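Participant: Okay, predicted coordinates and the sequence, questions at the end:
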Protein chains: 2
Amino acid sequence: MAQSPHHLSIKLDKEYISGLRDIINREIESLSLPKSPSYIYEPISYALAGGGKRLRPILLYLTGEALGVNKEDLKYAGLAVELLHNFTLVHDDIMDQDDVRHGKHTIHKKWDTSTAILAGDGIYVLSLSLISQVNVHPLKVIKTFNDAALMVCEGQAYDKQYENDINISMDDYLVMIEKKTGYLIGLCTELAGILAGKNDKVVQALRLFGNYLGTAFQIQDDLLEIFANEKQMGKSLGSDLTKGKQTILSILAREKNYSEWDELNSNFDDMGESIRKQKLFIKENKIIDKVEKMIHSYIDKAISMLDNVPESCNSSLTQFTDLILTRDH
Amino acid sequence: MAQSPHHLSIKLDKEYISGLRDIINREIESLSLPKSPSYIYEPISYALAGGGKRLRPILLYLTGEALGVNKEDLKYAGLAVELLHNFTLVHDDIMDQDDVRHGKHTIHKKWDTSTAILAGDGIYVLSLSLISQVNVHPLKVIKTFNDAALMVCEGQAYDKQYENDINISMDDYLVMIEKKTGYLIGLCTELAGILAGKNDKVVQALRLFGNYLGTAFQIQDDLLEIFANEKQMGKSLGSDLTKGKQTILSILAREKNYSEWDELNSNFDDMGESIRKQKLFIKENKIIDKVEKMIHSYIDKAISMLDNVPESCNSSLTQFTDLILTRDH
């Protein structure tokens, strides 16, 4: 048996992940944004310092390290995907009127809508400046980055379009979350592959690994949004139910008993009581089991993609899927 | 005397400009955007079909044609600057609560704020996809495009930050409008230079030509916003005065008589009467003359930049400044 390169021996425990997170947080700090005009740079700094799990750049780093991507390109690409993600959060929070994120007020709540629109725009422009600085295959990297950004916009568009539409099917939902969440996580593994100079087949397999993982992640997010601990999630929970969002839970609940779920959804006089009844319906009808099965099936799909990916990635990426599976926030 | 190449003989009359505008409008139509998700693509199509003068791509075409840029790159770069401009309009209209643009309802008015945020984001992503497709010096072009986009965001940030701030000086104002408007018009001439493979000195002179022209254009816009014909402008006028916007007019009016102007600005019980009084103050104090002198001085600065630009550009660009000078909307 060939000797393992060092990355095969990485134990992807919480300590290792938090070490990577520290590196990424330091790189974000070292962006040293201008101070003026404060109207845009103050909320941008606030948003970028806002914590968050940094899962996307962590995944990009893990994949890139396993494939031997140079450190500078990892830095630029890691920062770029994290800023792209933050841009979408800032704008989505306005659209969804979410007032708390990572335990802090969102920009539109702390300042106002105009400030949040412009700060989001600025974060996106900065992400583009960062991604344009990679050294390996820059044009291919930029194109891939733009394509993913458009998919994310389309995903958010479906999310808004589907609000309060009780005819949304499971297929509609899966298309929406693949675009909204899958593509951006797929972008992380895909970029690592391109920056490592891998061929199209490998890059495609890496992208699909991320897409499936991202889809699993979003399904899990829908579940956590209703059943997790508010403090751990850093935001108020249950709002998907009251905002008419189409999630894995509402779709499975409707499939189970259309009229009963519709009835539960048409009365929000007592918000707390209504959410309590909906949660009870979900529990009694074993919907959580079904959701967990779906999450596992997407993780399995993701792992099956690793057959077409260099073996050096296997250990890190498989362990990463375990971390996602066991997350509680 | 050497024989003039054909572009020196171009007579830049309204017919020639409207011919270029037709080409650009056809290229925008031929983008053939997807239909779904309609939540994002319907308002994007609406915004892009919204008319507008297309001055930015026209300027890029004129400069690029004079410098021999290939047709495909002119198309991509022209579309990209027009879409970048439209992205800023869609988001600025939300921030400024402007309900009419080019004689039609703005997106946030026709749909809602969320739709307008996402449509603006989408238009910007599309502009990036377009600019990334140029064949000559693509990385330099992309970097230049990103840098200009950031300047435009900063300019809009100053614009918002300065609202209702009666301590804004002429210098502050000039920095703001150079960023808000100058850089994007400078981008058009600069990109044409890069795409023609010109050296840094020429590219820089082209950029400054556009910056100065753009600054003149914005000063003129401030004037037209108060004194032009509403129908020709395609929007309701005078809102700068009631929104506390810092414009060339308010700054010169304050310089003339701080307390009297402040008094006129603190009473909006009868909006129409208040605007009438402010307009009278501006006229009686010969502020319009001063503004027109400033516009001419920036146009002169722009034209002086042409000394460092290939002679083939002289005729078109000088004639273009004349068209700007004599515009009434």
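Facilitator: Arrived safely, thanks for sending.

Participant: alpha carbons only for contacts and neighbour counts from here, please
Facilitator: OK.

Participant: can you pull out the helices in the stretch 1-150 of chain A?
Facilitator: Along the stretch 1-150 of chain A, the stretches classed as helices by DSSP state H, counting those that start in this stretch are A:14-29, A:38-48, A:55-67, A:71-95, A:107-110, A:113-131, A:138-162.

Participant: Turn these into TSV, including mean neighbour count.
Facilitator: Formatted as TSV, the helices of the stretch 1-150 of chain A follow (neighbours: other CA atoms under 10 Å in any protein chain shown):
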stretch	mean neighbour count
helix A:14-29	15
helix A:38-48	21
helix A:55-67	24
helix A:71-95	23
helix A:107-110	20
helix A:113-131	25
helix A:138-162	21
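
Participant: I'd like to know which of these is closest to B:Met294.
Facilitator: helix A:38-48 (27.9 Å; CA to CA).

Participant: same question for that closest one, mean pLDDT?
Facilitator: Average pLDDT, helix A:38-48: 98.

Participant: That helix - contacts with which helices or strands?
Facilitator: helix A:71-95, helix A:113-131, helix B:138-162 (3 or more CA pairs under 8 Å, 6 or more residues apart in numbering or on different chains; DSSP states H and E).

Participant: Tell me what angle it forms with helix A:71-95.
Facilitator: Here helix A:38-48 points in a direction 110 degrees away from that of helix A:71-95 (axes from the mean of the first three to the mean of the last three CA atoms, to 10 degrees).

Participant: hmm, who's touching helix A:38-48?
Facilitator: A:28, A:33-35, A:83, A:86, A:90, A:106-107, A:115-116, A:118-120, A:122-123, B:154, B:157-158, B:160-161 (CA atoms under 8 Å, 6 or more residues apart in numbering or on different chains).

Participant: will you turn the helices and strands packed on helix A:38-48 into TSV that also has mean pLDDT and distance to B:Glu263?
Facilitator: Formatted as TSV, these follow (pLDDT from 0 to 100; distance: least, CA to CA, whole Å):
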stretch	mean pLDDT	distance to B:Glu263
helix A:71-95	98	37
helix A:113-131	98	28
helix B:138-162	98	19
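
Participant: So which of those is nearest B:Gly51?
Facilitator: Per CA to CA, nearest to B:Gly51 of these: helix B:138-162, 21.4 Å.

Participant: The closest one to helix A:38-48, inter-axis angle?
Facilitator: Going by the same axes, to 10 degrees, helix B:138-162 makes 110 degrees with helix A:38-48.

Participant: any idea of the pLDDT on the residue nearest to A:Leu20 when sequence neighbours are not counted?
Facilitator: Leaving aside its sequence neighbours, A:Leu20 sits nearest to A:Ile58 (CA to CA, 6 or more residues apart in numbering or on different chains; 6.3 Å). At A:Ile58, the model reports a pLDDT of 97.

Participant: Do I have it right that A:Ile58 meets A:Asp22?
Facilitator: No. The pair A:Ile58 / A:Asp22 is not scored as a contact, 10.1 Å apart, by CA atoms under 8 Å.

Participant: separation between the nearest residue to A:Ser312 once chain neighbours are set aside and chain B?
Facilitator: Nearest residue to A:Ser312, sequence neighbours excluded (CA to CA, 6+ apart): A:Ala66, at 5.5 Å. A:Ala66 sits at a distance of 28 Å from chain B (criterion: CA to the nearest CA, to the nearest Å).

Participant: same check, this time on A:Gly155
Facilitator: Taking CA to the nearest CA, one finds A:Gly155 at 8 Å from chain B.

Participant: Kindly report the same for A:Glu190.
Facilitator: 18 Å.

Participant: for A:Asn25, same thing?
Facilitator: A:Asn25 is 23 Å from chain B, by CA to the nearest CA.

Participant: same check, this time on A:Ile168
Facilitator: 13 Å.

Participant: and if you look at A:Ser316?
Facilitator: 32 Å.

Participant: hang on, isn't that residue packed against A:Asp13?
Facilitator: No. A:Ser316 lies out of contact with A:Asp13 (CA under 8 Å); the separation is 10.4 Å.

Participant: which residue ranges form the helices in the stretch 151-300 of chain A?
Facilitator: Using DSSP H, counting those that start in this stretch, helices in the stretch 151-300 of chain A cover A:170-177, A:183-195, A:200-227, A:230-233, A:239-242, A:248-256, A:258-264, A:271-284, A:287-305.

Participant: Dump these to CSV, plus mean pLDDT and mean neighbour count.
Facilitator: As requested, the helices of the stretch 151-300 of chain A are exported to CSV (pLDDT from 0 to 100; neighbours: other CA atoms under 10 Å in any protein chain shown):
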stretch, mean pLDDT, mean neighbour count
helix A:170-177, 97, 17
helix A:183-195, 98, 28
helix A:200-227, 96, 23
helix A:230-233, 68, 14
helix A:239-242, 77, 18
helix A:248-256, 92, 20
helix A:258-264, 86, 14
helix A:271-284, 87, 15
helix A:287-305, 96, 17
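
Participant: Distance to B:Ser297 added to those helices, as TSV?
Facilitator: Listed next are these as TSV, based on distance: least, CA to CA, whole Å:
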stretch	distance to B:Ser297
helix A:170-177	54
helix A:183-195	49
helix A:200-227	55
helix A:230-233	58
helix A:239-242	57
helix A:248-256	62
helix A:258-264	67
helix A:271-284	63
helix A:287-305	63
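
Participant: Kindly state which of the helices of the stretch 1-150 of chain A is positioned closest to A:Thr321.
Facilitator: helix A:55-67 (10.0 Å).
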